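Visitor: how would this look folded up:
(one chain, ligands or ions: 1)
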Amino acid sequence: MCSGVSCSEALTGMGAMGGLRWLRRIPYMVKLQTEFLRWLAGVASCSDQALYLEFAVTPLHVLWSELVFKWWNSLVGAKGSLFHDVFRADLRLALDGKECWSAIVLRILACLGYDGCDRAPGEDRVTALSQHRLPVDALVDTVKQRFSEDWRSERLTVEPRSFVSDGRSPGVKMCRAQHWMGPAKYLSTYIPLQQRVCLSRFRLGCWPLECNRPNGRSRSDRVCPLCLDGEEDERHVLLECAFYAVARSQLALPAEPEMKGVMGMDNQPYGSQTGGNPGG
Ligand SMILES: [Zn+2]
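Guide: Next up is the predicted model:
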């Protein structure tokens with residue numbers, strides 16, 4: 001008799017892809033991943049959503065979902081083999097409400113709104129599902145679409161200074177990264193580690209600025225301690241604060257610089273023009 005664990009492990013241990021054991025360890029892997037990203041960005045307090053957006057792991061999620069759909073189809077195509085028999089047993093468990101690989105895939109398909117699977121009852125449904133080839137390209141397109149819909153949330157296009165938190169994530173820090181700064185440029189170019197960490201901390205709202213240290217004050221009370229003129233946030237430091245006027249004058253900024261335009265400039269220090277080490 002085949003238990004939920006043994007069937008899934010049988011699936012896990014077989015096949016060219018191998019290693020499906022990770023499906024049962026997703027919470028642990030997500031924790032590892034976020035800890036790694038926090039280390040990479042040099043931040044401690046920042047929402048997971050902002051971290052994921054900053055480091056754009058969407059392509060990884062898309063790749064993984066494509067591999068899962070293709071693996072399903074390879075099991076469907078393996079009719080007559082032990083692989084297919086185990087697949088059927090796993091489907092049977094899933095339809096019986098047990099936690100297993102097929103149950104996870106069926107939940108993913110339901111989340112994506114895919115309704116192509118047969119609804120026949122009992123063993124007939126096991127047979128129908130085990131013979132059902134998934135439209136991989138269409139499903140992957142839906143996954144991509146869902147990710148971009150999420151990141152295009154209107155909440156993120158609000159002007160950060162007028163953003164009022166309603167207690168829901170992703171919050172003002174993500175709003176800053178998305179609306180003020182645009183996508184991270186340093187992911188496609190070379191920037192030395194120290195500068196890159198400094199920049200990612202800036203982008204993720206983790207610099208020790210007054211706006212990032214509420215201490216019970218309203219935002220309008222988080223005044224810049226250097227010029228005493230206006231709220232000290234990322235835009236103030238980069239474009240407004242008189243204290244940094246000399247440093248700013250040494251940058252080749254446009255006449256009327258905008259936050260996103262400046263953050264997206266190609267001539268960031270040690271950027272793609274040289275690709276070299278500033279000390280070298
Ligand atoms: Zn200032």
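
Visitor: what about residue 227, which SS state?
Guide: Under DSSP: H, G, I helix; E, B strand; the rest coil, residue 227 falls in the coil class.

Visitor: where does pLDDT dip in the stretch 1-150 of the chain?
Guide: 1-26, 57, 117-118, 150 (pLDDT under 70).

Visitor: the helices in it, which residues?
Guide: Secondary structure of the stretch 1-150 of the chain, counting by DSSP state H, counting those that start in this stretch: helices at 4-13, 26-41, 48-55, 58-76, 82-95, 101-111, 122-130, 136-151.

Visitor: which residues sit against the last one?
Guide: Yep, that's helix 136-151 we're talking about. By C-beta atoms under 8 Å, 6 or more residues apart in numbering, the surrounding residues in contact with helix 136-151 are 53, 58, 61-62, 65-66, 69-70, 73, 109, 112-114, 178. Bear in mind the C-beta positions are built from the backbone N, C-alpha and C, glycine included.

Visitor: for the ion, give me its nearest residue in the stretch 51-200 of the chain.
Guide: Using C-beta to the ion, the closest approach of the stretch 51-200 of the chain to the ion is made by residue 161 at 14.5 Å.

Visitor: where's stretch 222-234 relative to the chain centroid, distance-wise?
Guide: With C-alpha atoms, centre = their mean, to the nearest Å as the basis, stretch 222-234 stands 32 Å off its chain's centre.

Visitor: what mean pLDDT does that stretch have?
Guide: Mean per-residue pLDDT for stretch 222-234: 94.

Visitor: endpoints of that stretch, how far apart?
Guide: Start and end residues of stretch 222-234 are separated by 12 Å (C-alpha to C-alpha, to the nearest Å).

Visitor: regarding stretch 162-171, how distant is the last residue from the first?
Guide: 12 Å.

Visitor: show the average pLDDT along it.
Guide: 70.

Visitor: surely the residue of the stretch 51-200 of the chain closest to the ion touches residue 234?
Guide: No. Contact criterion C-beta atoms under 8 Å: residue 161 and residue 234 do not qualify, at 10.5 Å.

Visitor: of these two, which one has the most company?
Guide: residue 234 (22 against 17; other C-beta atoms under 10 Å).

Visitor: give me every residue that touches that one.
Guide: Residue 234 neighbours (C-beta under 8 Å, 6+ apart): 176, 180-181, 202, 205, 207, 209, 211, 259.

Visitor: next step: those residues restricted to strands.
Guide: Among these, no member falls in strands (DSSP state E).

Visitor: kindly present those residues as a markdown table, with separate columns for pLDDT, neighbour count and distance to the ion.
Guide: Output for those, formatted as a markdown table (pLDDT from 0 to 100; neighbours: other C-beta atoms under 10 Å; distance: C-beta to the ion, whole Å):
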| residue | pLDDT | neighbour count | distance to the ion |
| --- | --- | --- | --- |
| 176 | 87 | 25 | 17 |
| 180 | 89 | 21 | 17 |
| 181 | 88 | 24 | 19 |
| 202 | 93 | 18 | 15 |
| 205 | 89 | 26 | 17 |
| 207 | 93 | 15 | 13 |
| 209 | 94 | 18 | 10 |
| 211 | 90 | 24 | 11 |
| 259 | 89 | 17 | 15 |
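
Visitor: pick the one among those closest to residue 190.
Guide: Nearest to residue 190 among the contacts of residue 234, counting by C-beta to C-beta, is residue 202 at 18.0 Å.

Visitor: how near is that closest one to residue 72?
Guide: 43 Å (C-beta to C-beta, to the nearest Å).

Visitor: one more: residue 44?
Guide: Look at residue 44 and residue 72: by C-beta to C-beta, they are 39 Å apart.

Visitor: mind listing what's buried in stretch 216-231?
Guide: Neighbour counts over stretch 216-231 (16 or more other C-beta atoms under 10 Å) mark 219, 222-224, 230-231 as buried.

Visitor: of those, which belong to strands?
Guide: Going by DSSP E, the strands hold none of the buried residues of stretch 216-231.

Visitor: restrict those to those near the ion?
Guide: Applying C-beta under 5 Å from the ion, the subset of the buried residues of stretch 216-231 adjacent to the ion comprises residue 224.

Visitor: biggest separation within the buried residues of stretch 216-231, which pair?
Guide: Top of the distance list for the buried residues of stretch 216-231 (C-beta to C-beta): 219 and 224, 12.5 Å.
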